[in-house]
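In: can't give you the sequence, but here's the structure:
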């Protein structure tokens, strides 16, 4: 084959290869929205898990801190590449998003109160009570009964300030499944009942579907080796120590 023909064939092959490149490059950091980094232990644990999974998948990431509800809007609007974690069902109603199929952790919804006489036997018991929760936590917003008086908080720390000031009867905290009770102030109790426990999944814009598959594989590998459990324990301990939230 003449040299000119070989060059043309080579250029054509290169062009095809470029068209098949994934929409993100490993040396370009993806912008992942996160929230409440200063006071939420669940955020700290999920960030540590994802940081390790992205490293294993060979992809850089950059954290972008936004309010929880705003973070989802930013993802749907294409302003960021992903959200830290969401519930599994979110993907069912959002075709623009892709869920990394291996969960990054679990979240338990626990109730705290300053009232010595209060106990819970389910969500229905919250009717008529002033219930503080973090805005944008979809699972809590869905499960709260219609008769509960909803008090939105912007952060985990604000939940407990509302209790201490008498602005709420109960605060619903979404915590890592392994988190101990948090000793925030005198008289504060975490009630025994776990109101809800569910898996958490990392979400990306649908254009990053191939990366989502790589991350799912990386997470399965790290979970199977036991490394992710170590990452979770270390991240939780470090966050509680730094925030001055000693466990019982």
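Out: Everything's here; your move. Just so it is clear, the structure is predicted and the values come from calculations on it, not from any experiment.

In: So the residue nearest in space to the middle of the chain: helix, strand or coil?
Out: Nearest to the geometric centre of the chain sits residue 85, at 2.6 Å (Cα atoms, centre = their mean). In terms of secondary structure, residue 85 is strand; the call rests on DSSP: H, G, I helix; E, B strand; the rest coil.

In: who touches it in this structure?
Out: By Cβ atoms under 8 Å, 6 or more residues apart in numbering, the contact set of residue 85 is 46, 104-105, 107, 200-203. C-beta: built from backbone N, CA, C; applies to glycine.

In: so what's residue 153 bridging to?
Out: Beta-bridge partners recorded for residue 153 (DSSP bridges): residue 134.

In: what's the pLDDT at it?
Out: Residue 153 carries a pLDDT value of 95.

In: helix, strand or coil for residue 132?
Out: strand.

In: residues in contact with residue 28?
Out: Taking Cβ under 8 Å, 6+ apart as the criterion, residue 28 is in contact with residue 60.

In: So it versus residue 62, what's the distance?
Out: Using Cβ to Cβ, to the nearest Å, one obtains 10 Å as the distance from residue 28 to residue 62.

In: just residue 163 next, same as before
Out: Relative to residue 62, residue 163 is positioned 34 Å away (Cβ to Cβ).

In: before we move on, what about residue 189?
Out: 39 Å.

In: Give the pairing partners of the lengthiest strand in the chain; include direction for each.
Out: Taking DSSP state E as the criterion, the chain has its longest strand at strand 189-205. Here strand 189-205 is paired, per DSSP bridges, with strand 82-86 (antiparallel), strand 97-99 (antiparallel), strand 105-113 (antiparallel).

In: and for the helix or strand following it, what are the contacting residues?
Out: Moving toward the C-terminus from strand 189-205, the next helix or strand (DSSP states H and E) is helix 209-225. Helix 209-225 is contacted from outside by 22, 24, 30, 49, 52-54, 56-59, 98-104, 202, 204, 228-229, 231, using Cβ under 8 Å, 6+ apart.

In: I'd like the mean pLDDT over the helix or strand that helix 209-225 is followed by, please.
Out: Remark: after helix 209-225, the chain's next helix or strand is helix 227-243, criterion DSSP H and E. For helix 227-243, mean pLDDT rounds to 91.

In: same for helix 227-243, what does it pack against?
Out: helix 41-57, helix 209-225 (3 or more Cβ pairs under 8 Å, 6 or more residues apart in numbering; DSSP states H and E).

In: Next, format those helices as a markdown table and append distance to residue 140.
Out: Shown next, in a markdown table, are the helices and strands packed on helix 227-243 (distance: least, Cβ to Cβ, whole Å):
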| stretch | distance to residue 140 |
| --- | --- |
| helix 41-57 | 12 |
| helix 209-225 | 25 |
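
In: Can you tell me which of the strands paired with strand 189-205 is most buried?
Out: Mean neighbour count, computed with mean count of other Cβ atoms under 10 Å, is highest for strand 82-86 among the strands paired with strand 189-205, reaching a mean of 25.

In: Work out the gap between that strand and the centre of the chain.
Out: Computed by Cα atoms, centre = their mean, to the nearest Å, the chain-centroid distance of strand 82-86 equals 5 Å.
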